[in-house]
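Chemist: Sequence first, predicted model second:
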Amino acid sequence: MDLDVFVTTHRAEWDRLDHLLHRGRGLTGAEADELVALYQRTATHLSLIQSSAPDPQLTARLTQLVARARSTVTGTRRASWRDAVGFLTAGFPAAVYRSRHWWIPTAVLSTVLAAVIGWWIGTHPEVQASIAAPDDLRSLTRPGGEYETYYSSHPAASFAAQVWTNNAQAAAMCLVLGAFLCFPVVWILFLNVLNLGIGIGLMSSAGRLDTFLGLVLPHGLLELTAVFVAAGTGLRLGWTVIDPGPLTRRTALAQQGRAALGMAVGLALILFVSGVIEGFVTPSALPTWARITIGVVAELAFLAYVYILGGRASRAGDTGDLEADGRSAELPSAA
């Protein structure tokens, strides 16, 4: 976008909207209709500028203008079911899509690290001995051992609820603690990767890696993707503390923080799905190929959701943040 041309083209509309807002209650019917139309166009202009050419001063001006117009046109806004639908069909997938440059590398590096840890443990008996006594290791890895019975040790519904709660808490911690310069997020992510690597290493050393993957993959694909998204978003939030870009650090953190909190809600729903799979599909009597197929379908559905709906919403200017009229004006940092 050529910002100078865009401003020149639309400045008269913004000035006219500002003039009508200053007129207040003394508008004719035609002028009131014009105000509504100008408000809608200016809100669209603001979204385009934020996504394509985020000039701080222009963004601040249009944010204030849209907020004033929104207040005049609709008064106090209340959340509705349309907000929830908009969040699930645009806001949340757009936020995940826009942070893909953080969570995809996080996923790749974490998967490689888990594989390396698994190989190291699986090929070094002395490392296995440092993890647990031989009898305990056999109890974990034997047929019908603890790795297998873990998924059927409780009623499916209560187990799914417990897994969902634990995973949602871990994801929320990654999102919220990212503001502390990324370090807590790295630690939480490492613990998850370490646990996965230990399972891979111990079961592969017992010649039962296929059984382990058959138990983990049905729910683990979607579950780990959600954790990687949370960790990548948390890392992005932490990096904003270091490099806020053209905005003030406070404003940049507010933008990323609001999007992160919204993602916590969305990821809780995704983790609910993986929890249901872990509680009802993983321990089921279905053949391994069928259980893995269910996991793969759930994972592909999530990725399609992010890349199709999220990509479309992101290109339309949705960032996963609150609507412009629902947040305070943003001021640029001093030059």
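Modeler: Now that the structure is in, tell me what you want to look at. Residues are numbered from 1 along each chain as shown.

Chemist: how close does G238 get to G257?
Modeler: Going from G238 to G257 by CB to CB, to the nearest Å gives 11 Å. All C-beta spots, glycine's among them, are computed from the backbone N, C-alpha and C.

Chemist: okay, these two: which has more neighbours?
Modeler: Set G238 next to G257 and count neighbours by other CB atoms under 10 Å: G238 wins out with 20 against 17.

Chemist: How about the contacts made by the more buried one?
Modeler: By CB atoms under 8 Å, 6 or more residues apart in numbering, the contact list for G238 reads G178, A179, F180, L181, C182, F183, V185.

Chemist: May I have the secondary structure class of the third one?
Modeler: With DSSP: H, G, I helix; E, B strand; the rest coil as the basis, F180 sits in coil.

Chemist: returning to that earlier point: pull up the overlap in contacts between G238 and G257.
Modeler: The contact sets of G238 and G257 overlap at A179 (CB under 8 Å, 6+ apart).

Chemist: Can I have the buried ones of the contacts of G238 as a PyMOL selection?
Modeler: A single PyMOL command selects the buried members of these (16 or more other CB atoms under 10 Å):
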select buried, resi 178+179+182+185
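
Chemist: Now the two most distant members of the contacts of G238.
Modeler: For the contacts of G238, the farthest-apart pair by CB to CB is A179 and F183; their separation is 10.7 Å.

Chemist: Show me how the chain divides into domains.
Modeler: If you go by automatic domain parsing, the domain ranges for the chain are 3-78, 86-315.

Chemist: Out of these, which is the most enclosed?
Modeler: Highest mean neighbour count of the domains of the chain: domain 86-315, a mean of 18 (counted as mean count of other CB atoms under 10 Å).

Chemist: What sits closest to Y147 if chain neighbours are left out?
Modeler: Counting by CB to CB, 6 or more residues apart in numbering, L140 is the residue found nearest to Y147 once chain neighbours are left out, at 5.6 Å.

Chemist: list the contacts for that neighbour?
Modeler: A132, E146, Y147, L202.
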